[in-house]
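**Q** attaching a predicted model along with its sequence, questions to come.
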Number of protein chains: 2
Amino acid sequence: MQTPGEFVREQVTTVRSTVDRVAGSVADSVADAPGVSAVGSSVGDFIREQRNAARVSLRELARTAGVSNPYLSQVERGLRKPSAEILASIARGLKISAETLYEQAGILDRRSGNPDTVAAIRSDDALSERHKAVLLELYETYVREHRASSPAAS
Amino acid sequence: MQTPGEFVREQVTTVRSTVDRVAGSVADSVADAPGVSAVGSSVGDFIREQRNAARVSLRELARTAGVSNPYLSQVERGLRKPSAEILASIARGLKISAETLYEQAGILDRRSGNPDTVAAIRSDDALSERHKAVLLELYETYVREHRASSPAAS
DNA sequence: CCGCTCCGCTTGCAGGAGCTAGCACCCGGG
DNA sequence: CCCGGGTGCTAGCTCCTGCAAGCGGAGCGG
């Protein structure tokens, strides 16, 4: 078994190289990449966006979320207003947080606009310094990538 | 040319596999459904508790929450399972956060880490939803690991 | 061409959410 | 004694959620 330090170090390297490679390979195709970040007017639109972004079929998501496929169809088209449990199940099926869906559904207030994530990670005493380094590294990579793929979003 | 969805998906997959090496089954904790089942009465008990603590009558809370008093009565006794909107209204009437009620209702998981960091990541609009998910998973893994390695810190 | 499988959508129904109306009880004042 | 207003709970209803069944269309091997 590795020591935690070794494992973190290795992981930083692996994650960085992985992200770099992927980001590089995508550099050419980011011209038309607005899709994922669009602010859906309704929950259904947002769900469908996320589902399409994940390349998951309606039936597939319905199965992993534990709901019927016709109902999910209606939810996505805004014909039905799903309950909180269903919403949570769908969030799990989409591997996104339930809070996000609740915010989209308008039943949770959207949190403060732009807190400093870096500062939060740095000052989090539930993390070791190495773990902070990994998270910050990954975070910055993601932010860079997000800026590249949707420059219009501020 | 790659679509945005493919790009996101590929990257999540690669990073996730890296995380999986470290985190083992942690990635599944998002997909698994822990809290949704077998709730019901606890929310009602909690609501009644809060209402009594605030010295508010059932009808009074019902009025401020915008629901009928019989229905609130049934909700408090666990006979009815209120929707997310009703829950949010009741939370507003009780002057408590909706998150608290959702956690009581079992439709929001209580996060293990520092809430500030979690909130910062979650509300960071420089990240896509999937990147948030990856960061949060990794973060929680680290927090758990940190706790395991230094249990004395409390 | 057919048959098979997948896709998403439409239909019809069971059951529960949420409301209005009304119940029984307790208290203070005429 | 008998009101008027307070508490919480019950009965019956309407409407909508959420599902099972079935639809037409698109791809693919025979």
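**A** Sure thing, it's come through. The model shown is predicted, which means the values in this text are computed figures rather than measured ones.
**Q** so is the strand or helix carrying A:E60 next to DNA strand D?
**A** In this structure, A:E60 sits in helix A:58-65 according to DSSP states H and E. No: Helix A:58-65 stays clear of DNA strand D (C-beta under 7 Å from any atom of the strand), getting no nearer than 7.6 Å. (Each C-beta comes from the backbone N, C-alpha and C, glycine too.)
**Q** now that helix: buried residues?
**A** A:61-62, A:64-65 (16 or more other C-beta atoms under 10 Å in any protein chain shown).
**Q** for chain B, state which of these is nearest.
**A** Of all those, A:T64 has the smallest distance to chain B: 7.5 Å, by C-beta to the nearest C-beta.
**Q** the closest one against A:I90, yeah?
**A** No: contact criterion C-beta atoms under 8 Å: A:T64 and A:I90 do not qualify, at 9.2 Å.
**Q** the helix holding A:E60 packs against which elements?
**A** helix A:69-76, helix A:84-94 (3 or more C-beta pairs under 8 Å, 6 or more residues apart in numbering or on different chains; DSSP states H and E).
**Q** still on that earlier bit, the buried residues of helix A:58-65: which two are farthest apart?
**A** A:A62 and A:T64 (7.6 Å; C-beta to C-beta).
**Q** which neighbours do those two share?
**A** Common contact partners of A:A62 and A:T64 (C-beta atoms under 8 Å, 6 or more residues apart in numbering or on different chains): A:G93.
**Q** what's in contact with the helix holding A:E60?
**A** A:51, A:56, A:68-69, A:71-73, A:76, A:86, A:89-90, A:92-94, B:31.
**Q** please list which of those residues are also close to DNA strand C.
**A** Okay, of those touching DNA strand C (C-beta under 7 Å from any atom of the strand), that's A:69, A:73, A:76.
**Q** name the residues of chain A found near DNA strand C, please.
**A** A:57-60, A:69-70, A:73-74, A:76-77.
**Q** got a winner among these for most neighbours?
**A** A:E76 (23 neighbours; other C-beta atoms under 10 Å in any protein chain shown).
**Q** confirm for me that that one is in contact with A:E49.
**A** No: counting by C-beta under 8 Å, A:E76 does not reach A:E49; the two are 9.4 Å apart.
**Q** now A:I47: closest residue in space, sequence neighbours ignored.
**A** A:E76 (5.4 Å; C-beta to C-beta, 6 or more residues apart in numbering or on different chains).
**Q** I'd like to know how far that neighbour sits from B:D124.
**A** For A:E76, the distance to B:D124 equals 26 Å [C-beta to C-beta, to the nearest Å].
**Q** could you list the domains of chain A?
**A** A:36-105, A:113-149 (automatic domain parsing).
**Q** can you tell me which of the ones you listed is most buried?
**A** Neighbour counts (mean count of other C-beta atoms under 10 Å in any protein chain shown) averaged over each of those peak at domain A:36-105, with a mean of 19.
**Q** residue numbers of chain A in contact with DNA strand D?
**A** A:66-68, A:70-71, A:74, A:80-83, A:85-86.
**Q** phi, psi for A:G66 please.
**A** Torsion angles at A:G66 (phi, psi; degrees, to the nearest 10) stand at phi 80, psi 30.
**Q** do you know the pLDDT at A:A27?
**A** Looking at A:A27, its pLDDT stands at 30.
**Q** apologies, that question was intended for A:A105.
**A** 82.
**Q** how about A:A53?
**A** For A:A53, the predicted pLDDT is 89.
**Q** if I look at it, how far off is chain B?
**A** 4 Å (C-beta to the nearest C-beta, to the nearest Å).
**Q** for chain A, just list every one of the strands.
**A** With DSSP state E as the definition, chain A shows no strands.
**Q** give me the helix or strand of it that scores worst on average pLDDT.
**A** helix A:4-26 (a mean of 38; mean pLDDT, DSSP states H and E).
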